[in-house]
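Participant: A predicted structure for the sequence below; I have some questions about it.
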Number of protein chains: 2
Amino acid sequence: MRHPPTLEAVAEAAGVSRATVSRVVNGSPRVRGEVVEAVQKAIAELGYVPNRAARSLASSRTHSIALLVPEEVSRFFGDPYFASFTTGLDRRLAASEYVLNLVVARDDPDRKAVRYVRGGNVDGAIVVSHHSGHEFLAQLEGVVPIVFGGRPEAGISAEPYFVDVDNVAGGRLATEHLLGLGRRRIATIAGPVDMTASMDRLAGFRAAMDDAGLPSTAIDYGNFTAPGAAAAMRRLLEEQPDLDGLFVASDLMATGALRVLAARGIRVPDDIAIVGYDDSPAATWGEIGLTTVSQPSELMGATTVDVLLRLLGGDPDVPHANIVPTELIIRESA
Amino acid sequence: MRHPPTLEAVAEAAGVSRATVSRVVNGSPRVRGEVVEAVQKAIAELGYVPNRAARSLASSRTHSIALLVPEEVSRFFGDPYFASFTTGLDRRLAASEYVLNLVVARDDPDRKAVRYVRGGNVDGAIVVSHHSGHEFLAQLEGVVPIVFGGRPEAGISAEPYFVDVDNVAGGRLATEHLLGLGRRRIATIAGPVDMTASMDRLAGFRAAMDDAGLPSTAIDYGNFTAPGAAAAMRRLLEEQPDLDGLFVASDLMATGALRVLAARGIRVPDDIAIVGYDDSPAATWGEIGLTTVSQPSELMGATTVDVLLRLLGGDPDVPHANIVPTELIIRESA
DNA sequence: TTGTATGCGTTATCAG
DNA sequence: CTGATAACGCATACAA
């Protein structure tokens, strides 16, 4: 592990001062053309790469941002939403000077994540999760700019920057589609009660049912997991066997519900029409394509980066709430 | 974004020198007890967190390692192997002082990944991928210690450190399971002859048969594809119609073999017991679950970290080849 | 346009 | 056991 070349070495090789080399490296316009060339030649020959720690120490900017994911690693990987979100984020980030540091930690016992951010490792952070109540995030308040993928629970941040879809509108959209198909005995499988996204979708469901003059009583909860949704589906069928419509708050949960229906010989969409949420890959895993509300998660990831970069760029009027549109993707299930 | 407290501030608050504070922070044994307490109190009160850039610059250690994944982001997330590998890796790393920097880049046009590592951002790197031929990795040679998850293709690294499964043991494991079921007329469908993984599995098969005093003559090759395996299956049945056991060197090939058996009305496992390899999703595609040899990917991730940490710790005799055991996943086919 | 000098926050090497 | 003090590699006011 030999010693890498420093600015000093490049300067010597090019016959200029360190300051000039630094200017060339940072693309300063006021350096004479031939000097630039000479320096770049020296850089190439020596294989010089700026030392990030030194650069960061001197400029107090790290050129890296953290993606904080307060989830289990397995959960992070298992959920297509995160995959898609991260893809959009990564793509957008690739076009910038920044690099991404992924910090996945469900709980943060040693406060490693907090120490990481507070230790000046990153210029900003993006937080994505389906959960809330991670009060350790409060420790990051005011340290660096933070943008949330999905509106955070109140209490985590006073006036957060976030990117989100209009989940109430999404829930309404799904439900109205079912109503438009003539379904009247419609149930919903919601996500966790401690998550705004989940609760907003439920609110949209209720609003649509109210508007149609129908009772929105068939409600159960699936915790955003397939097994959880399967259990919810069983309970719903027990209470109301003659359901003809179902809105499930995530596609992953929908797969769980579909499995239960298939096992009982209940046909989709003939007997029960189903609308999911997310337009994740899970929507097309099964025999029949799932009609679903599309969360443009890739766009959300990209937008989150945009917002953060504007913040880092010192843009004075970045909006706190950044809402991206949802749309209904119609397939076979409804 | 206020100015975070520095060592200096802590030193002043505790009435000692910076050097002493540094010692306390780094757990040096030779500091008087009461002084330690005073310093820790000051640290807590000020909410001091060491600045990583400065620390890294001074000590030339970053306490972070990179996970380099030369794949598409979507591929990285979609593949259960990576998910599981990363889970094991992350768990092991959580117990250490290190943090993980994820760098996913299929191609590296701007050499961002290379620059990142060469820029002194990490103390070491772990590389996982299904692909080979990523010559950009050669640029990292000698910069920091690197450990590969899975033996890298020759040419990427002269004498690489890597973690891999023991394919010979895997082939043996599968075959011995068949023998343990009382099967005696056992055939195998191997992979390509020019792949070590494939040949090692075959060697394991032969060794197990030898040990059992049985002839290992029923051998054919399926090129790791389902059609190839189907053809091999037909040839094997032609030569020896009374087979009662079969070891197929990949689950994908097993699906091809199973199709042939089904077409001929040969029952699995009643007539022929089958063991596959990989524990891939293909193992559960069919009607009957495939008993298969699984790569303990989570263990591999953890082991990769272990190896790297030993390297970083200056351990003089870390083995280059680190082989982890395989395990048998028993389902219905054998 | 270029060079000089200083400081960024820590660690590490000396003395004491 | 503790305190000065010199690096660490780079960016950047300030001079020239």
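Facilitator: Structure's in. What do you need?
Participant: low-confidence ranges in chain A?
Facilitator: Chain A contains residues with pLDDT under 70 at A:1-2, A:107-111, A:130-135, A:155-156.
Participant: Show me the domain layout of it.
Facilitator: Split into domains by automatic domain parsing, chain A comes to A:7-50, A:64-165+A:297-324, A:167-295.
Participant: could you redo those as TSV and give each row distance to B:Pro319 and mean neighbour count?
Facilitator: Yep, even glycine has a C-beta here, placed from its N, CA and C like the rest. Shown next, in TSV, are the domains of chain A (distance: least, C-beta to C-beta, whole Å; neighbours: other C-beta atoms under 10 Å in any protein chain shown):
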stretch	distance to B:Pro319	mean neighbour count
domain A:7-50	30	16
domain A:64-165+A:297-324	27	20
domain A:167-295	40	20
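Participant: Determine which of those approaches B:Arg185 most closely.
Facilitator: Set against B:Arg185 and scored by C-beta to C-beta, the domains of chain A come closest in domain A:167-295, at 38.6 Å.
Participant: Could you give the separation between the terminal residues of that closest one?
Facilitator: End-to-end span of domain A:167-295 (C-alpha to C-alpha, to the nearest Å): 9 Å.
Participant: if I look at whatever residue of the stretch 151-300 of chain A ends up closest to chain B, how far off is A:Phe77?
Facilitator: Evaluated by C-beta to the nearest C-beta, the stretch 151-300 of chain A has A:Pro281 as its residue closest to chain B, separated by 7.7 Å. For A:Pro281, the distance to A:Phe77 equals 13 Å [C-beta to C-beta, to the nearest Å].
Participant: just A:Thr292 next, same as before
Facilitator: Taking C-beta to C-beta, one finds A:Thr292 at 21 Å from A:Phe77.
Participant: Just confirm A:Arg118 contacts A:Leu137, I think it does.
Facilitator: No: A:Arg118 lies out of contact with A:Leu137 (C-beta atoms under 8 Å); the separation is 11.9 Å.
Participant: Can you give me the end-to-end span of stretch A:210-223?
Facilitator: 24 Å.
Participant: circling back to that earlier point, test my guess that the residue of the stretch 151-300 of chain A closest to chain B contacts A:Pro80.
Facilitator: Yes: in this structure A:Pro281 lies within contact range of A:Pro80 using C-beta under 8 Å: 4.8 Å.
Participant: For the stretch 201-334 of chain A, which segments count as helices?
Facilitator: Counting by DSSP state H, counting those that start in this stretch, the stretch 201-334 of chain A has helices at residues A:226-239, A:251-263, A:297-312.
Participant: same deal with the stretch 1-150 of chain A?
Facilitator: Under DSSP H, counting those that start in this stretch, the stretch 1-150 of chain A gives helices at A:7-14, A:18-25, A:33-46, A:52-59, A:73-78, A:80-94, A:112-118.
Participant: For those helices, give me TSV that also has distance to B:Ile266.
Facilitator: Formatted as TSV, the helices of the stretch 1-150 of chain A follow (distance: least, C-beta to C-beta, whole Å):
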stretch	distance to B:Ile266
helix A:7-14	71
helix A:18-25	69
helix A:33-46	65
helix A:52-59	62
helix A:73-78	37
helix A:80-94	38
helix A:112-118	55
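Participant: Tabulate these in CSV, adding columns for distance to chain B.
Facilitator: Converted to CSV, the helices of the stretch 1-150 of chain A look like this (distance: least, C-beta to the nearest C-beta, whole Å):
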stretch, distance to chain B
helix A:7-14, 13
helix A:18-25, 12
helix A:33-46, 12
helix A:52-59, 4
helix A:73-78, 3
helix A:80-94, 3
helix A:112-118, 4
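Participant: B:Ile43: which of these is closest?
Facilitator: Among these, if distance is taken as C-beta to C-beta, the winner is helix A:112-118, at 12.2 Å.
Participant: and that closest one, what other elements does it pack with?
Facilitator: strand A:64-69, strand A:99-104 (3 or more C-beta pairs under 8 Å, 6 or more residues apart in numbering or on different chains; DSSP states H and E).
Participant: one step back: out of the helices of the stretch 201-334 of chain A, flag the one nearest DNA strand C.
Facilitator: helix A:297-312 (18.6 Å; C-beta to the nearest atom of the strand).
Participant: Please find the angle between the direction vectors of the closest one and strand A:64-69.
Facilitator: 140 degrees (axes from the mean of the first three to the mean of the last three C-alpha atoms, to 10 degrees).
Participant: and A:Asn322, what does it touch?
Facilitator: A:Tyr161, A:Phe162, A:Val163, A:Asp164, A:Thr303, A:Val307 (C-beta atoms under 8 Å, 6 or more residues apart in numbering or on different chains).
Participant: at 6 Å instead, please
Facilitator: A:Val163, A:Thr303, A:Val307 (C-beta atoms under 6 Å, 6 or more residues apart in numbering or on different chains).
Participant: What's opposite it in the beta bridge?
Facilitator: Taking DSSP bridges as the rule, A:Asn322 bridges to A:Val163.
Participant: Also the one 5 residues further on?
Facilitator: The bridge-partner assignment for A:Glu327, based on DSSP bridges, gives A:Ser294.
Participant: now it: how far from A:Leu299?
Facilitator: Distance from A:Glu327 to A:Leu299, by C-beta to C-beta: 11 Å.
Participant: which parts of the stretch 51-200 of chain A sit against chain B?
Facilitator: For the stretch 51-200 of chain A, the residues in contact with chain B (C-beta under 6 Å from any C-beta of the partner chain) are A:51-54, A:56-57, A:73-74, A:77, A:83, A:87, A:90, A:99, A:101-102, A:115-116, A:118-121.
Participant: distance of A:Pro241 from DNA strand C?
Facilitator: 65 Å (C-beta to the nearest atom of the strand, to the nearest Å).
Participant: repeat for A:Glu72
Facilitator: From A:Glu72 to DNA strand C the distance is 31 Å (C-beta to the nearest atom of the strand).
Participant: ditto for A:Val104
Facilitator: 26 Å.
Participant: Setting the sequence-adjacent residues aside, check what's closest to that residue.
Facilitator: A:Val69 (4.5 Å; C-beta to C-beta, 6 or more residues apart in numbering or on different chains).
Participant: from what I can see that neighbour touches A:Phe77, true?
Facilitator: No: using C-beta atoms under 6 Å, A:Val69 is not in contact with A:Phe77; the gap is 10.2 Å.
Participant: Point out the residues in chain A that sit beside DNA strand D.
Facilitator: A:3, A:6-8, A:18-19, A:22-23, A:25-26, A:48, A:50-51, A:54-55, A:57-59 (C-beta under 7 Å from any atom of the strand).
Participant: Correct me if wrong: A:Leu68 contacts A:Val103.
Facilitator: Yes: A:Leu68 is in contact with A:Val103 according to C-beta under 6 Å; the separation is 5.2 Å.
Participant: Switch the domains of chain A over to JSON lines; also include distance to B:Ile126.
Facilitator: Formatted as JSON lines, the domains of chain A follow (distance: least, C-beta to C-beta, whole Å):
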{"stretch": "domain A:7-50", "distance to B:Ile126": "20"}
{"stretch": "domain A:64-165+A:297-324", "distance to B:Ile126": "13"}
{"stretch": "domain A:167-295", "distance to B:Ile126": "27"}
